[in-house]
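Student: using only what follows, build the 3D model:
(one chain, ligands or ions: 2)
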Amino acid sequence: MQKYYESDADPGTLEGKTIAVIGYGSQGRGQALNLRDSGCQVVIGLRPGSSWQRASEDGFEVYSVTEAVKRADIIQILLPDENQAGVYRAEISPNIRENACLMFSHGFNIHYGQIVPPPTVDVVMVAPKGPGHMVRRTYEEGKGVPALIAIHQDATGKAHAIALAYARGIGATRAVVLETTFAEETETDLFGEQAVLCGGITSLIKAGFETLVDAGYAPEMAYLEVLHETKLIVDLIYEGGFTKMRDSISNTAQYGDLTRGPRVIGPETYVAMQEILEEIQNGEFAKEWMLENMVNRPVFNALTRADEEHLIEQVGKEIRGFMPQFRK
Ligand SMILES: NC(=O)C1=CN([C@@H]2O[C@H](COP(=O)(O)OP(=O)(O)OC[C@H]3O[C@@H](n4cnc5c(N)ncnc54)[C@H](OP(=O)(O)O)[C@@H]3O)[C@@H](O)[C@H]2O)C=CC1
Ligand SMILES: CC[C@](O)(C(C)=O)C(=O)O
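Tutor: Numbers count the residues shown, from 1 in each chain. Ligands and ions are numbered 1, 2, ... in the order given. Predicted structure coming up:
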């Protein structure tokens, strides 16, 4: 896989160019602040509301999406995936300059054909592999979150240089930048968040918590055991893989890990993972998510509410209240 570092990116590529960051949520805020601190010229495109106020308070020039796009050489679309196509059709497409660069941090709308840009613009992706607040925090610490770049369309011949310079601007080249495609990024990202990072881990934690509570153990004990300690174990895996984590735990824990783990994640889970991946690859998941938004998200809202009311959330709130690191 092609990898890039700080010295591969030329910050001069962005000189004299205006970058419009459209959206000022998790990624919008993190990327915009990092770009500005890296010396780039950044404006923000938004609708009136709380994000507008936050971006203004952070000292940015904030415009409607239409006005921001008119001013921009590079347009980084950091709206929720489900809103991007509507805003693109109404405000971005009619105002985008010829030879501008249209940028994304996730390939969903291009890969699934929700946005079809004209052939006169560059279409690239710079996708940090981490949440927006980490993109900002690691930059402030002098480090960076790794990122992926991909080129969907190179109208100007400069698409690759722009993507790398932008990745440098948000701090990603301080770590590493990997080159991929829109298809590979979209499919692996959706799979990762559904099967492992978000869907997989919350379901695993909930199953462990419910098993202990149903067996008569105190919910506080169950919370500390299966949720609180998860971060401590994941931090070790993050720092040094399974080996570092296993070096740090007891031999008893390691034996239980090696012999019982495969009973929890057995053949049934592999089958479910393959099915989930197929739904992503054949576009079934994308279609379901788009339709869910068209009818005001009944499933999304009901499932979110049910988890918010789960005992693990109530107990967690109480226990975190005792710990100084979680007090505001
Ligand atoms: N969250 C993350 O860490 C990651 C996200 N990504 C990708 O980054 C992109 C942005 O996601 P994320 O940062 O989570 O988004 P958020 O939901 O955090 O933020 C969305 C922003 O868009 C604004 N917005 C929403 N609708 C409109 C509209 N119709 N017109 C103008 N502004 C609007 C919101 O403002 P308002 O206050 O008005 O609602 C908000 O500022 C997505 O493509 C996502 O897949 C990629 C990697 C990680
Ligand atoms: C894991 C969720 C994520 O894919 C991410 C932070 O990278 C997302 O889309 O938010």
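
Student: ok, residue 249 touching residue 255?
Tutor: No. Checked against Cβ atoms under 8 Å, the pair residue 249 and residue 255 is beyond contact range at 10.1 Å. Placement of C-beta: from N, CA and C, glycine included.

Student: look at the two and report which has more neighbours.
Tutor: Using other Cβ atoms under 10 Å, the more surrounded residue of residue 249 and residue 255 is residue 249, with 14 against 10.

Student: check whether stretch 139-153 comes into contact with ligand 2.
Tutor: No. Remark: stretch 139-153 sits outside contact range of ligand 2, by Cβ under 6 Å from any ligand atom, the gap being at least 9.4 Å.

Student: and that stretch, what's buried?
Tutor: Of all the residues in stretch 139-153, those buried under the rule 16 or more other Cβ atoms under 10 Å are 139, 144, 145, 146, 147, 148, 149, 150, 151, 152, 153.

Student: got it, and stretch 312-328?
Tutor: 312, 315, 316, 319.

Student: can you check stretch 290-303 too?
Tutor: Judged by neighbour count (16+ other Cβ under 10 Å), stretch 290-303 contains these buried residues: residue 290.

Student: then it to CSV, C-alphas only?
Tutor: Taking Å, rounded to 0.1, in the frame of the first residue of the first chain, the C-alpha atoms of stretch 290-303 are listed here in CSV:
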residue,chain,number,x,y,z
MET,A,290,-31.3,6.6,2.7
LEU,A,291,-34.9,5.3,3.0
GLU,A,292,-34.8,5.5,6.8
ASN,A,293,-33.9,9.2,6.5
MET,A,294,-36.7,9.8,4.0
VAL,A,295,-39.3,8.6,6.6
ASN,A,296,-37.8,10.6,9.5
ARG,A,297,-35.7,7.7,11.0
PRO,A,298,-38.3,5.6,13.0
VAL,A,299,-35.9,2.7,13.5
PHE,A,300,-32.8,4.9,14.3
ASN,A,301,-34.8,6.9,16.9
ALA,A,302,-36.5,3.9,18.6
LEU,A,303,-33.2,2.0,18.9
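
Student: by proximity to ligand 1, which residue of this protein wins?
Tutor: Residue nearest to ligand 1 within the chain: residue 25 (1.9 Å; Cβ to the nearest ligand atom).

Student: give me the distance between residue 194 and ligand 2.
Tutor: 9 Å (Cβ to the nearest ligand atom, to the nearest Å).

Student: likewise for residue 321?
Tutor: To ligand 2, residue 321 is 26 Å away according to Cβ to the nearest ligand atom.

Student: give the contact list for that residue.
Tutor: Residue 321 sits next to residue 327 when contact means Cβ atoms under 8 Å, 6 or more residues apart in numbering.

Student: check what pLDDT it gets.
Tutor: On pLDDT, residue 321 comes in at 94.

Student: pull the number of nearby residues for residue 42.
Tutor: Residue 42: 24 neighbours (other Cβ under 10 Å).

Student: hey, what's it bridged with?
Tutor: residue 19 (DSSP bridges).

Student: and what of residue 102?
Tutor: Going by DSSP bridges, residue 102 is paired in beta bridges with residue 75, residue 123.

Student: okay but it is in contact with residue 121, surely?
Tutor: Yes. Counting by Cβ under 8 Å, residue 102 sits close enough to residue 121 to count as a contact (5.2 Å).

Student: who touches both of these two?
Tutor: residue 96.

Student: need the contact list for residue 219.
Tutor: 209, 213, 311, 312, 315.

Student: same deal with residue 327?
Tutor: Taking Cβ under 8 Å, 6+ apart as the test, what residue 327 contacts is residue 321.

Student: do stretch 127-134 and ligand 1 come into contact?
Tutor: Yes. For stretch 127-134 and ligand 1, the contact criterion (Cβ under 6 Å from any ligand atom) is met by 127, 128, 131, 132.

Student: quick one: which of the buried residues of stretch 312-328 sit in strands?
Tutor: Of those, none are assigned to strands by DSSP state E.

Student: which one of those residues is nearest residue 18?
Tutor: residue 316 (43.8 Å; Cβ to Cβ).

Student: separation between the closest one and residue 113?
Tutor: According to Cβ to Cβ, to the nearest Å, residue 316 and residue 113 sit 40 Å apart.

Student: so where do the helices sit in the stretch 101-250 of the chain?
Tutor: For the stretch 101-250 of the chain, applying DSSP state H, counting those that start in this stretch gives helices covering 108-111, 132-140, 159-169, 182-191, 199-214, 219-223, 229-248.

Student: who does the shortest one touch, helix- and strand-wise?
Tutor: Read it as helix 108-111. helix 81-87, helix 182-191 (3 or more Cβ pairs under 8 Å, 6 or more residues apart in numbering; DSSP states H and E).

Student: columns mean neighbour count and distance to residue 264 on top of the ones you listed, output as a markdown table?
Tutor: Below are those laid out as a markdown table (neighbours: other Cβ atoms under 10 Å; distance: least, Cβ to Cβ, whole Å):
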| stretch | mean neighbour count | distance to residue 264 |
| --- | --- | --- |
| helix 81-87 | 18 | 31 |
| helix 182-191 | 20 | 20 |
